[in-house]
Each structure stands twice: as C-alpha cells, then as structure tokens.
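**Student:** Using only what follows, build the 3D model:
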Amino acid sequence: MSKSFIAASTLALTLSTPVLADPALGFGLNFTFGNGSVNTGVGVRAFSDDEQDKAAASVGLDYMFGSQSWRGSLGAAYMMDNSYIELNGGYDFNNGGFDFGIGGGWVNTTDGDKAPFEEQENAGLPSLDRLDSVTEGSSDEISLDSGSGDSTDDLSLDLSLG
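**Tutor:** Purely as a prediction, here's the structure:
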C-alpha cells in the first residue's frame, strides 16, 4: 500500500504544481504525535505560496529520528518572514500508521506589499517611460529623444533604401 500511496502523492503534487501561485521550498523540524509516542524529525516542505503573513498549503517528506523512518505529510502553514510554522497530518511509510505533527523552519518568503521585481535602468539604453517625445524627421528617418539632454540617450533610426 505504501508504494501506491507514494505514487499517488507524487502524481498529485506533479499535477498541482502548475496551478500554484508562487510555490516555495522549505526545510525544518517536525514533532509528531501518534501511535502512542512523540517523534522528532527533519524534513523538506513544498508550500503553495511564498508570500509572508499568509497561510499556505504544504506537502512534505520527513525523516523521523525516533522510529528511523520516512514520513509523508500534508498540512497548513503560516508563512512568516523567511520562516514558517505548520500543522500537518502524515503517514509513516516504513511502519504504517497515521499521525499528526507540528513543525517549523526556514522558507524563502516574499513581502506581498512590494513589487516582485525592482525596476532597473537598462544599461545605457533609454527606457520607454523616459521618452518625452517621438519626432518624425524626413519621411525616411525616425528619431526618439529621451529628453535628458544627453545625446547618448537619443535613438535614431534611418530607413533609407539607397
């Protein structure tokens, strides 16, 4: 049964990845409660979103030290500034059985208030938002003036055929 569970989990994760907004990968520590014992493990998590101060779904794989086994999990996490805290349910692949866990760790999050990409000047090229005027010279020449007063920012295109 564990091989079919692994295959189904892998297929579900693979098919769901394209619909994720901004997925993130995290590493952390997990404490599980079930089967009459508390177990500690380390693991890797994939989160449905990387925006901080938001909730995200998670899927993970842990190595549990107490039982010396691998555990797959599904959970809900709260994303903080490059960290997370999570509640999850999991299945012990080696010994069988379901348990519940709480975990936390590191994940690379983004601040949702900021633009994802900072606007940068093109190296030596005038950007379109700096173009103050487009002037037409003769019928075979178009020149773009950046308005900066520096002739190196101006672009001229000669469409002569002869």
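**Student:** How about residue 111, nearest residue that isn't a chain neighbour?
**Tutor:** With sequence-adjacent residues excluded and distances taken as C-beta to C-beta, 6 or more residues apart in numbering, residue 111 is closest to residue 52, at 5.9 Å. (C-beta placed from N, C-alpha, C; glycine too.)
**Student:** the domain parsing of the chain - what is it?
**Tutor:** Per automatic domain parsing, the domain ranges recorded for the chain read 2-107, 128-158.
**Student:** Worst mean pLDDT among those domains?
**Tutor:** Comparing mean pLDDT over these, the weakest stretch is domain 128-158, at a mean of 55.
**Student:** Check whether residue 43 really touches residue 30, as I assumed.
**Tutor:** Yes - Residue 43 lies in contact with residue 30 (C-beta atoms under 8 Å); the separation is 5.5 Å.
**Student:** joint contacts of the two?
**Tutor:** Both residue 43 and residue 30 are contacted by 60, 62, 71, 73, 103, under the criterion C-beta atoms under 8 Å, 6 or more residues apart in numbering.
**Student:** Contacts only, for the third one.
**Tutor:** With contacts defined as C-beta under 8 Å, 6+ apart, residue 71 is in contact with 30, 32, 41, 43, 61-64, 90-93, 99.
**Student:** So which of the residues you listed are in strands?
**Tutor:** In strands, defined here by DSSP state E, the members of the contacts of residue 71 are 30, 32, 41, 43, 61, 62, 63, 64, 90, 91, 92, 99.
**Student:** I only care about those residues that end up buried; give me the ChimeraX line for that.
**Tutor:** Buried members of the ones in strands among the contacts of residue 71, defined by 16 or more other C-beta atoms under 10 Å, are picked up in ChimeraX with:
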select :30,32,41,43,61,62,64,90,91,92,99
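**Student:** which residues pair with the closest residue to residue 62 other than its chain neighbours across the strands?
**Tutor:** Nearest non-adjacent residue to residue 62, counting by C-beta to C-beta, 6+ apart: residue 43, 3.3 Å away. On the basis of DSSP bridges, residue 43 is bridged to residue 28, residue 62.
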